[in-house]
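Asks: Give the three-dimensional model of this entry:
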Amino acid sequence: MSDYQTLPALIASRICHDLISPIGAVDNGLELIAMTMRLSGPEMGLIRQSTNAALTRIELFRLAFGAGGAAPCPMGRLNNTLAAHLAERRINLTLEIEAATMDAAKKISLALLCAETCLPRGGTVTVSASATHGQFHLQADGPLRSDIDALWHHVLSPESADPPPRAADVHFLLLGLSLAAAGITPTLTMQDGGIQLTF
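Replies: Predicted coordinates for the structure are as follows:
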């Protein structure tokens, strides 16, 4: 990863690391309150749901926007984080990957954020690995947004990302830059109700 990408990734890792601890402490505190004071109403449920969603999103952002590396990624952590986040968006995830480095987990997380953006009304996403070619395959199915061609252009040609994406769509450009830095040329197939991405 080049220097201009390394520093923002390290900053993202630091921010996520520093945020996840106090929010996790709040969640633990709520659990203790519920146990000792026997509180179990809808208000407490809503608070617990919100803190769990915040923890999941921060963990996802640490994977997608934080620093990668060659160390192995805990696959249970990767699968649970991605599946929980996408479930909130009515997207069912199947992760058919036995092992991945932190760098690979970063690319997978960014690719899933891209798929999420393309499926505003929910759908299904499957990510599998090719043992022979060392590639990942993403299949996303569901009603697609009508304006996604320009977004995927940032993945396929990140060096010509002009104009740049909106902040809400920055993961497309980050995925393109991450793949380009690793010397990976992605392939994309789009059709009504489906997207196939190989990287």
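Asks: Could you pull up the residues touching residue 126?
Replies: Counting by Cβ atoms under 8 Å, 6 or more residues apart in numbering, residue 126 touches 93, 94, 95, 96, 138, 139. For the C-beta atoms, the positions are set from N, CA and C on the backbone; glycine is no exception.
Asks: what's the answer for residue 154, then?
Replies: Neighbouring residues of residue 154 by Cβ under 8 Å, 6+ apart: 161, 165, 169, 172, 173, 175, 176.
Asks: Among those residues, which are located in helices?
Replies: Taking DSSP state H, the ones among the contacts of residue 154 that sit in helices are 172, 173, 175, 176.
Asks: Residue 190 - that's part of a strand, no?
Replies: Yes. Under DSSP: H, G, I helix; E, B strand; the rest coil, residue 190 sits within a strand.
Asks: residues touching it, list them.
Replies: By Cβ under 8 Å, 6+ apart, residue 190 lies in contact with 144, 148, 149, 152, 196.
Asks: Next: residue 56.
Replies: 81, 84, 85, 88.
Asks: Now for the protein, the helix or strand with the poorest mean pLDDT.
Replies: The weakest-scoring helix or strand in the chain, judged by mean pLDDT, DSSP states H and E, is helix 3-37 (a mean of 74).
Asks: Give me the three-state assignment for the closest residue to residue 143 other than its chain neighbours.
Replies: Spatial nearest neighbour of residue 143, excluding adjacent residues (Cβ to Cβ, 6 or more residues apart in numbering): residue 121 at 4.8 Å. Following three-state DSSP, residue 121 is assigned to coil.
Asks: Count the neighbours of residue 121 for me.
Replies: Other residues within reach of residue 121, judged by other Cβ atoms under 10 Å, total 11.
Asks: Could you report the pLDDT at the residue most central in space within the chain?
Replies: Nearest residue to the geometric centre of the chain (Cα atoms, centre = their mean): residue 109, 3.2 Å. pLDDT, residue 109: 97.
Asks: can you check the one 5 residues further on too?
Replies: We have a pLDDT of 97 for residue 114.
Asks: what residues are up against it?
Replies: Residue 114 neighbours (Cβ under 8 Å, 6+ apart): 151, 152, 155, 171, 172, 175, 197.
Asks: do the same with residue 176
Replies: So, once contact is read as Cβ under 8 Å, 6+ apart, residue 176 ends up touching 154, 155, 156, 157, 158, 161, 186.
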